[in-house]
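# fold the following.
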Amino acid sequence: MRLVMTEPVEKMERPYARRWWALLVLCLSLLIIVMANTALTVAAPDMTKDLGLSSADLQWVIDGYTVPYAALMLLLGAIGDKYSRRGALVLGLVVFGGGAVFGYLADSAATVVAARAVMGVGAALIMPATLSLLAATFPRAERAKAITFWTATAGLAIAAGPVVAGALLRGHGWSSTFLINVPIAAVAVVAAFVLVPPSRAGHHDRIDYVGGLLSVIWTGSLVYMIIEGPHFGWGVKAVTAAAVAGAGLVAFVVWELRHPRPILDVRRFAHRRFAGSNLAVALFFLAVFGAFYYLTQHLQFVLGYDALETGVRMLPLAGAVFVGSALTGVLTPRVGMKWTVTAGMVGGTTALALLSRVDAGSTYADFAAPLIILGLAIGLALSPCTDAIMGAFPESELGVGGAVNDTSLELGGSLGIAILGSLLATSYGNHLDDATAGSRLPASALDTAQDSVGAGYAVAQGIGEKAHALAAQAAKASDPQQAAQLRQQATELAAAARRMTDAVGSAFSDAVAHTSLVGAVILGIGTVLVAFLLPRRGAAAPDVKTREKELAESAAG
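Predicted coordinates:
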């Protein structure tokens, strides 16, 4: 047995014997790039306190990862196809691990954002490589099953990140959450050389670098606009990004339509199966990332769970993803992807609709059923969509296929956090304003409390601390009349603190319900569109074999 796997998968006469072990390495690589975001959600409060982050700083700590990740995937996927898919995976793991170490050592907002950006570059190399290597290593008959495991791993990572980060935060600082990735990345690098066979495209055409650069420009600008506009206002930066994204997209489409060997043949989007699958992936992750964004806040701030307890309570979602993935593996070959994907999207819509019933008296039991339904929905819908997207590309463009799937995923997630997060903040501020009407709360304190649910509870805690301080002064006062006045003031402030706490919890619960209802409407409309786009079982898919033949003739000529 070779210590390092050197035989290219394209030259193997039979399916690679250790392909399921190779899949484990690919899933391990996927695990850390998804966990990088979900772990941060529970570490954010400690990071904010330690570094004195503003809301804008925190937003860019989160999204500094997203911009390079989404923007670079298509170009890096094409480069991996041509030169080495395994090389792209290993390089990505090294860059990602280096960024994680940089994040562990960071001591300011700027350095944390820079570290997250480096990790985003690594993720842009890793993500398309995992899917392209999976598709290249597994025969077509087993590919759907392998993709099911890949999708289930993404669901596991969504819940595993908060659990692992929460466990670390009980005894260590926020920076320790960056180190979660380092040993996993190191193991994956070694295992990749031992278990994952090298792979690259069978032809060696020049890469369409102009198309690749245009894809970086329009995708990066679009993600920047999605982040900047809803959170920081539609000023010059957001409007400029929108204009660049629009112009870049038009230029990209025109260039790709005219180029003989485009980095992405945009004509594929005319095929209903391909377009519907990409739309389903984007909409699903809009719902999942948006819901995850506000559910973790509700569990931590309103219900009072710590980071680890919050992560544990998200585990039903991960378990349900595995069950849904097992179901789709049985159902999709029998009834077709149109029905399983549509059923999954109906389930996701139902989960969000159930969350619209959340109120100030809700307990964790009210969240458990929606989480389970959402997990089942993810498992049912995403594996068939990913299989359909990858199946639309010839063997020589598997890295590009993985990048298209992952770009849809990342754009959907970014939109979910931006749209639903912005709606949540607006709704929370309005509800808090109504709940505190007539409370004689200073305008500056109300403005602070409306910034976020964490800030609202901090204002209530500050009022409570003033009450305790006055009570302590009353106990030490020698003048009985002064002591009585101080005690009365302390009592009034303590009551005000309780009212403020109740108002914040009630306002945020109402905001979660309102945001979930809007999310359900968006996903419901999207479900109808996807059901219309996806063809009936047996309908023709994009002619991949014709494209492969054209590429082979082009390379020979």
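# how about the nearest residue to residue 285, chain neighbours excluded?
The shortest distance from residue 285 to any non-neighbouring residue, by C-beta to C-beta, 6 or more residues apart in numbering, is to residue 412 (3.6 Å). All C-beta atoms are positioned from the backbone trio N, CA, C, and that covers glycine.
# how about residue 374?
The spatial neighbour of residue 374 that comes closest, neighbours along the chain excluded (C-beta to C-beta, 6+ apart), is residue 351 at 4.0 Å.
# any weak-confidence spans in the stretch 201-350 of the chain?
Flagging of the stretch 201-350 of the chain using pLDDT under 70 yields the residue ranges 203-204, 231.
# can I get the helix or strand hosting residue 348 in CSV, CA atoms only?
Take DSSP states H and E as the rule and residue 348 turns out to sit in helix 337-355. Extracted in CSV, the C-alpha atoms of helix 337-355 (Å, rounded to 0.1, in the frame of the first residue of the first chain):
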residue,chain,number,x,y,z
MET,A,337,-36.2,15.0,-7.5
LYS,A,338,-39.1,17.4,-8.3
TRP,A,339,-41.2,15.8,-5.6
THR,A,340,-38.5,15.4,-2.9
VAL,A,341,-37.1,19.0,-3.5
THR,A,342,-40.6,20.5,-3.4
ALA,A,343,-41.5,18.5,-0.3
GLY,A,344,-38.4,19.7,1.4
MET,A,345,-39.1,23.3,0.5
VAL,A,346,-42.7,22.9,1.8
GLY,A,347,-41.2,21.5,5.0
GLY,A,348,-38.8,24.5,5.3
THR,A,349,-41.7,26.9,4.8
THR,A,350,-43.7,25.1,7.5
ALA,A,351,-40.8,25.3,10.0
LEU,A,352,-40.6,29.1,9.5
ALA,A,353,-44.4,29.5,9.7
LEU,A,354,-44.3,27.6,13.1
LEU,A,355,-41.6,30.0,14.3
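# any idea which helix or strand comes after that helix?
helix 365-391.
# report the distance from that following helix to the chain centre.
Helix 365-391 sits 14 Å away from the centroid of its parent chain (C-alpha atoms, centre = their mean, to the nearest Å).
# now swap in stretch 234-254 and tell me
23 Å.
# contacts only, for residue 432.
446, 449, 450, 456, 503, 504, 507 (C-beta atoms under 8 Å, 6 or more residues apart in numbering).
# now it: how far from residue 270?
From residue 432 over to residue 270 the distance is 48 Å, taken as C-beta to C-beta, to the nearest Å.
# same question, residue 209
If you go by C-beta to C-beta, the gap between residue 209 and residue 270 works out to 25 Å.
# and residue 244, by the same measure?
26 Å.
# picking that back up, what packs against the helix holding residue 348?
Identification of packing neighbours for helix 337-355 by 3 or more C-beta pairs under 8 Å, 6 or more residues apart in numbering; DSSP states H and E yields helix 272-297, helix 315-335, helix 365-391, helix 480-533.
# between the contacts of residue 432, which has the most around it?
residue 504 (29 neighbours; other C-beta atoms under 10 Å).
# thinking again about what came up before, between residue 209 and residue 270, which is the more surrounded one?
Legend: neighbour count by other C-beta under 10 Å for residue 209 and residue 270, higher for residue 209 (12 against 9).
# show the low-confidence segments of this structure, by residue range.
Scanning the chain for pLDDT under 70 picks out 1-2, 55, 203-204, 231, 537-557.
# hey, where'd the strands end up in it?
Secondary structure of the chain, counting by DSSP state E: no strands present.
# surely the residue nearest to residue 285 meets residue 281?
Yes. Residue 412 is in contact with residue 281 according to C-beta atoms under 8 Å; the separation is 6.4 Å.
# ok, now which ones touch residue 303?
363, 364.
# next, it: phi, psi?
The phi/psi pair for residue 303 (degrees, to the nearest 10) reads phi -90, psi -10.
# list the contacts for the closest residue to residue 135 other than its chain neighbours?
Once flanking residues are discounted, residue 135 sits nearest to residue 398: 4.7 Å by C-beta to C-beta, 6+ apart. By C-beta under 8 Å, 6+ apart, residue 398 lies in contact with 81, 85, 131, 132, 135, 136, 201, 390.
# same deal with residue 333?
residue 144.
# state the distance from it to residue 272.
Using C-beta to C-beta, residue 333 is found at 20 Å from residue 272.
# what does residue 184 give?
Per C-beta to C-beta, residue 184 is found 39 Å from residue 272.
# please apply the same query to residue 525.
Counting by C-beta to C-beta, the gap from residue 525 to residue 272 is 17 Å.
# so these two - more neighbours on which side?
residue 272 (18 against 12).
# number of nearby residues for the closest residue to the more buried one other than its chain neighbours?
Of all residues not flanking residue 272 in the chain, residue 533 sits nearest, at 4.7 Å (C-beta to C-beta, 6+ apart). The local packing of residue 533 (other C-beta under 10 Å) involves 18 other residues.
# for residue 533, give me its contacts.
272, 273, 275, 276, 279.
# tell me how many other residues crowd residue 116.
Per other C-beta under 10 Å, the neighbour tally for residue 116 reads 28.
# no, scratch that, I was asking about residue 390
22.
# ok, now residue 217?
Residue 217 - counted by other C-beta under 10 Å - has 18 other residues nearby.
# show me what contacts it?
244, 248, 252.
# among these, which one sits closest to residue 70?
Among those, residue 248 lies closest to residue 70 (C-beta to C-beta), at 13.3 Å.
# give me the neighbour count for the closest residue to residue 350 other than its chain neighbours.
Spatial nearest neighbour of residue 350, excluding adjacent residues (C-beta to C-beta, 6+ apart): residue 373 at 5.8 Å. The criterion is other C-beta under 10 Å. On that basis, residue 373 has 24 neighbouring residues.
# in contact with residue 373, which residues?
Per C-beta under 8 Å, 6+ apart, neighbours of residue 373: 320, 347, 348, 350, 351, 354.
# dump those residues to a markdown table, plus neighbour count and distance to residue 173.
Formatted as a markdown table, the contacts of residue 373 follow (neighbours: other C-beta atoms under 10 Å; distance: C-beta to C-beta, whole Å):
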| residue | neighbour count | distance to residue 173 |
| --- | --- | --- |
| 320 | 24 | 32 |
| 347 | 23 | 39 |
| 348 | 32 | 36 |
| 350 | 18 | 40 |
| 351 | 28 | 34 |
| 354 | 18 | 37 |
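# closest one of those to residue 477?
Closest approach to residue 477 among the contacts of residue 373 (C-beta to C-beta): residue 354, at 53.6 Å.
# for the closest one, which non-adjacent residue is spatially closest?
Distances taken as C-beta to C-beta, 6+ apart place residue 370 nearest to residue 354, at 4.4 Å, with adjacent residues excluded.
# ok, residue 161 next?
Once flanking residues are discounted, residue 161 sits nearest to residue 38: 3.2 Å by C-beta to C-beta, 6+ apart.
# got the contact list for the one you found?
Residue 38 makes contact with 157, 158, 159, 160, 161, 162, 292, according to C-beta under 8 Å, 6+ apart.
# most neighbours, which of those?
residue 162 (31 neighbours).
# am I right that that one is in contact with residue 43?
No. Counting by C-beta under 8 Å, residue 162 stays clear of residue 43, with 9.1 Å between them.
# list residues touching both of the two?
Both residue 162 and residue 43 are contacted by residue 307, under the criterion C-beta under 8 Å, 6+ apart.
# all set now, cheers.
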